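# give me the fold of what follows.
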Amino acid sequence: MREGGTVDMERFLRLLARLEAGLIDAAHYAKHEVLVGIVEKAGLPYESLSEDVAEAIGMQRPRSSR
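Have a look, this model is predicted:
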């Protein structure tokens with residue numbers, strides 16, 4: 001999403017759901033590193049994805065900095 005503008009949450013959530021569905025489909029035949037790279041290139045942190053999708057693509061939960 002672009003910075004500085006208004007965000008259409010319905011559109012954002014729809015696009016995120018489509019991305020997650022595509023990642024789940026691709027997880028069966030693509031290398032996990034490639035899928036994680038796509039997510040990182042899109043600027044989505046681990047917390048933006050549902051936990052099952054993050055696990056399916058092999059994305060590591062960031063360590064807390066406490």
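# just the helices in this structure please.
Assigned by DSSP state H, the chain shows helices spanning 9-26, 32-41, 51-56.
# any chance of JSON lines for those helices, columns mean pLDDT?
Shown next, in JSON lines, are the helices of the chain (pLDDT from 0 to 100):
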{"stretch": "helix 9-26", "mean pLDDT": "90"}
{"stretch": "helix 32-41", "mean pLDDT": "91"}
{"stretch": "helix 51-56", "mean pLDDT": "90"}
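# what's the neighbour count on L23?
Number of residues near L23 (other Cβ atoms under 10 Å) recorded here: 20. To be clear about C-beta, it is placed using only N, CA and C from the backbone, and glycine gets the same treatment.
# residues contacting it?
When contacts are counted by Cβ atoms under 8 Å, 6 or more residues apart in numbering, L23 is found next to L35, I38, V39, L49, V53, A56, I57.
# would CSV of those residues with neighbour count be doable?
Output for these, formatted as CSV (neighbours: other Cβ atoms under 10 Å):
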residue, neighbour count
L35, 20
I38, 16
V39, 20
L49, 19
V53, 21
A56, 18
I57, 22
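# ok, which pair from these is furthest apart?
Maximum pairwise distance among the contacts of L23 (Cβ to Cβ): 13.2 Å, between I38 and A56.
# go through the helices of the chain and pick out the most buried.
Highest mean neighbour count of the helices of the chain: helix 51-56, a mean of 16 (counted as mean count of other Cβ atoms under 10 Å).
# before I go, just wanted to say thanks for your time.
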